[in-house]
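Could you look at this predicted model? Sequence included:
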Amino acid sequence: MGAFELQLRCPQNINGIAADPQPDWSFDNLLHELDSIEQRQNVNIEYPGRFAKTQPSRKLRALKDNYTCKRSFVMHVSDQESDSSDADSEEESDTSSGISGKRFACDELYLSDASEDEHFGVQSTPLMDKMGLAECALHELTQEFHLTLSDEVRFNISSLESELVNEDEKFVSMISKSVKDREHQQERDRQFDLQYQRTIAQALDNHLTELQRDHELIYQLEEKRIRDDAAREEARRKEKALQEERMQQERIRAEEEARLKAEKAERAKAAAIEAEKRAAEEAASKRANETLKDTAANALGDSKGNLRPSSNSTSDVKKEVQSSARNVIKASKNALEMEKRRRQVYDEMIAKTEAIKASGNQNYHKHGLSIGRQIRTISATMENIRTKAEDLVNLINSPGCPQPISIQLFVEKIVSNCTNQRGLSAIYAVARVIVLVTSKIPVAMDVLIAELNKICIYTVPKHIIYSEDVFKSKDAYFKAIGYRENGNIESTDDYVDRLGSYMRLYGALVQTEVGPFQNLHGLGEGWAWLARFLNALPANLYTAVALQSFLEMAGFALYRKYRNQFKKLLSIIDRDFLSALKEGGSTKINKVKMSIRNYIESNEYQREPEESKLRDHLESHQFC
């Protein structure tokens, strides 16, 4: 809203001072003009500071009194103002009622309210006060300046508000933009990180691939080196074994030649002795004939009759004894021939050991204890079996003890230890060690089987029948079939228990297969043993115990290899052998008979014995 123009009803120039010299004065110009007036009138007028309005000073009031117009004017304000304005107008009218003057209307005058005056620090001045011309002019200029300043302030406030709104909008848009930029930057950073991670992962994968390739190459080279070393070691070992075998064959050949020469010399000596004996007999017979010719005819006839029957009876007794010996031994011809061949090898080994012991005074008892210790500590684990076999081979081939003595000690310790085994798993483990040792020292197998044939005739298989014509007593018969004698003959129960132990070791040995190592007395020998046993041996307690122990250890392996043929042998055992056992015999016979029948009827031979399986480690209770 614009300002209004106020016409003063007073002279325009008083004492050289124009009432309105410049209508467009600024507030500074006004102050400057007031200063000039004060200097002229020698009046000290106190001016309020900018944006502040105070009551006129006393000096200004005095100046106003000196220059008061003789006729004052009255200002009339429109009735549309507030009640407070009406009250003020009434007070002013009452106050100025005594003052005469013209009244002029200010209906269209825009007056700022008290709040705005208070905002600018200006105090409202009653218009109807008596004032001078300069004071009136100053008051009007001040009011006009206030109005102009109020408009400017309102305009500036409005502009500031609009600018603030625009600034807020700009700030919000800038914040939104910054948020979007930040999100965009985060997305770019995330993509960059993802790409960087992919690059790192790809580089790591390439590095690991290269590293793996290098390791594989190193592993292949190392494996090739190990294979080459193993091949060279195997070649050296084979060459060494071949040389040892060649030397052993040469030694055996030389010994065989020496033995043949000795036998030839013995035969020649025996032939010479026989020839001398025959010549002596012929001379004696000739002398007897000459003597008989001089005897009387009747005496000659009598003496001739007496001599002939005596000679015939002696020959008949020899033939009868030989026939009785053949009748008491029950075994197949092949079994006896194999026993004889192994017995020869065994006797040769014993002769060598006796010769070696006789030629030197060295005691091999400590060496035997080392071999026995290795055999006693065999357990059913793969590592233990491999280690024990290697140690035993090293002990047998030890240069500190001749090999024949070491083999004899090894065989004796194996056979004596089999009666002390606490379970079937230990017997299977010992059989594996025997196969590993004899695969490198073949002669040890023949010596071991010969030793078993010697102490247990049922490993041949062979049985001796009691005959009073052949054996002088029962004790002589018991000793012939393997009973031990320690002052007294051992009991039948003890003998049967030992018999079962020997047969379990034999059965475990024939069924053992250890990888690439050859079993020199394998399943073929076990099948032959079973056939010879059923063909030649009678059914009694001893043969029943031997058959039960053998089937318990080797039955599954025989069935796995021969299948239906083995079943046929089992049916023969059930039909013939078990039927031939005496019904109502001893408790031990009935128990063995029932065990064999349950073994056949329950098809136990089709299940692999748990004790034959090797373990990876040793159980804790086996150390006790």
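Ah, there it is.

for the stretch 101-250 of the chain, what spans make up the helices?
Under the criterion DSSP state H, counting those that start in this stretch, the stretch 101-250 of the chain contains helices at 114-119, 133-293.

Dump the ones you listed to a markdown table, plus distance to residue 34 and mean neighbour count.
Just so you know, the C-beta spots here come from the backbone N, C-alpha and C atoms, and that holds for glycine as well. Shown next, in a markdown table, are those (distance: least, CB to CB, whole Å; neighbours: other CB atoms under 10 Å):
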| stretch | distance to residue 34 | mean neighbour count |
| --- | --- | --- |
| helix 114-119 | 21 | 13 |
| helix 133-293 | 7 | 12 |
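
Select from those helices the stretch with the lowest mean pLDDT.
Ranked by mean pLDDT, the helices of the stretch 101-250 of the chain bottom out at helix 114-119, which scores a mean of 45.

just so I know, which of the helices of the stretch 101-250 of the chain lies nearest residue 487?
Minimum separation from residue 487 across the helices of the stretch 101-250 of the chain (CB to CB) falls at helix 133-293, 38.5 Å.

coming back round to it: could I get the helices of the stretch 101-250 of the chain as TSV with distance to residue 27?
Below are those laid out as TSV (distance: least, CB to CB, whole Å):
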stretch	distance to residue 27
helix 114-119	16
helix 133-293	5
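
and of the ones you listed, who's closest to residue 390?
helix 133-293 (12.3 Å).

Show me the chain divided up by domain.
Residue ranges for the domains of the chain, per automatic domain parsing: 13-149, 456-610.

Compare the ones you listed and say which comes out lowest on pLDDT.
Among the domains of the chain, domain 13-149 scores lowest, with a mean of 55.

what about the strands in the stretch 351-500 of the chain?
463-464, 485-486, 488-489 (DSSP state E, counting those that start in this stretch).

The second one - which strands sit beside it in the sheet, and in what orientation?
Using DSSP bridges, strand 485-486 pairs in its sheet with strand 488-489 (antiparallel).

next one: the first one
Each strand that strand 463-464 pairs with, and the sense of that pairing, follows from DSSP bridges: strand 329-330 (antiparallel).

avg pLDDT for the strand it pairs with?
The model assigns strand 329-330 a mean pLDDT of 89.

Residues in contact with that strand: which ones?
Contact partners of strand 329-330, identified using CB atoms under 8 Å, 6 or more residues apart in numbering, comprise 336, 462-465, 536-538.

same thing but 7 Å
462-465, 536-538 (CB atoms under 7 Å, 6 or more residues apart in numbering).

Stretch 448-465 too?
328-331, 335, 339, 342-343, 345-346, 411, 414-415, 434, 480-482, 499, 502-503, 506, 521, 529, 532-533, 537-538, 542-543, 546.

These, buried ones only, as a ChimeraX selection?
Those of the contacts of stretch 448-465 that count as buried under 16 or more other CB atoms under 10 Å are selected in ChimeraX with:
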select :328,329,331,335,339,342,346,411,414,415,434,481,482,499,502,503,506,521,529,532,533,537,542,543,546
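
Where helices are concerned, which of the contacts of stretch 448-465 count?
Counting by DSSP state H, the part of the contacts of stretch 448-465 found in helices is 328, 335, 339, 342-343, 345-346, 411, 414-415, 434, 480-481, 499, 502-503, 506, 529, 532-533, 542-543, 546.

what's around residue 558, how many residues?
Neighbour count of residue 558, defined by other CB atoms under 10 Å: 23.

which secondary structure elements does the strand or helix carrying it contact?
In the assignment (DSSP states H and E), residue 558 maps to helix 541-562. With contacts defined as 3 or more CB pairs under 7 Å, 6 or more residues apart in numbering; DSSP states H and E, helix 541-562 has these neighbours: helix 492-511, helix 523-536, helix 587-601.

Tell me which of those is the most buried.
Per residue and on average, the most neighbours among these fall to helix 492-511, with a mean of 22 (mean count of other CB atoms under 10 Å).

quick check: angle from it to helix 523-536?
Per axes from the mean of the first three to the mean of the last three CA atoms, to 10 degrees, the angle that helix 492-511 makes with helix 523-536 is 140 degrees.

would you put the C-alpha positions of helix 492-511 in CSV?
Extracted in CSV, the C-alpha atoms of helix 492-511 (Å, rounded to 0.1, in the frame of the first residue of the first chain):
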residue,chain,number,x,y,z
THR,A,492,43.5,-138.6,26.2
ASP,A,493,41.9,-135.2,26.8
ASP,A,494,45.2,-133.4,26.7
TYR,A,495,46.3,-135.3,23.6
VAL,A,496,43.0,-134.5,21.9
ASP,A,497,43.4,-130.8,22.7
ARG,A,498,46.9,-130.8,21.3
LEU,A,499,45.7,-132.7,18.2
GLY,A,500,43.0,-130.0,17.6
SER,A,501,45.6,-127.2,17.9
TYR,A,502,47.9,-128.8,15.4
MET,A,503,45.0,-129.5,13.0
ARG,A,504,43.7,-125.9,13.3
LEU,A,505,47.2,-124.6,12.5
TYR,A,506,47.3,-126.9,9.5
GLY,A,507,43.8,-125.9,8.3
ALA,A,508,44.6,-122.2,8.7
LEU,A,509,47.8,-122.6,6.8
VAL,A,510,46.3,-124.4,3.7
GLN,A,511,43.5,-121.8,3.3
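
Identify all contacting residues around it.
418-419, 427-428, 431, 434, 452, 455-456, 458-459, 482-483, 521-523, 525-526, 541-542, 545-546, 549-550, 552-554, 557, 588.

Please apply the same query to stretch 474-491.
Residues contacting stretch 474-491 (CB under 7 Å, 6+ apart): 455-457, 464, 466, 471, 495.

coming back round to it: now the helices and strands packed on helix 541-562 as a markdown table including distance to residue 207?
Shown next, in a markdown table, are the helices and strands packed on helix 541-562 (distance: least, CB to CB, whole Å):
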| stretch | distance to residue 207 |
| --- | --- |
| helix 492-511 | 55 |
| helix 523-536 | 57 |
| helix 587-601 | 65 |
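
Out of the ones you listed, which is closest to residue 572?
Of the helices and strands packed on helix 541-562, nearest to residue 572 by CB to CB is helix 523-536, at 6.0 Å.

Which neighbouring elements make contact with the closest one?
Helix 523-536 packs on helix 492-511, helix 541-562, helix 564-572, going by 3+ CB pairs under 7 Å, 6+ apart.

Return the set of buried residues in whichever helix or strand comes after the shortest one.
Think helix 564-572. Counting by DSSP H and E, the next helix or strand C-terminal to helix 564-572 is helix 578-580. Neighbour counts over helix 578-580 (16+ other CB under 10 Å) mark residue 578 as buried.

cool, and stretch 390-406?
In stretch 390-406, counting by 16+ other CB under 10 Å, buried: 391-393, 395-396, 401-406.

Which of these fall in helices?
391-393, 395-396, 403-406.

Widest-spaced pair of the residues you listed?
The widest separation within these (CB to CB) is 19.4 Å, between 391 and 404.

Show residues contacting stretch 581-592.
Taking contacts as CB under 7 Å, 6+ apart, the residues outside stretch 581-592 that touch it are 496, 539, 541, 544-545, 548, 593.

Can you name the two of those that sit furthest apart?
Farthest pair in the contacts of stretch 581-592 (CB to CB) is 496 and 539. Separation: 15.0 Å.
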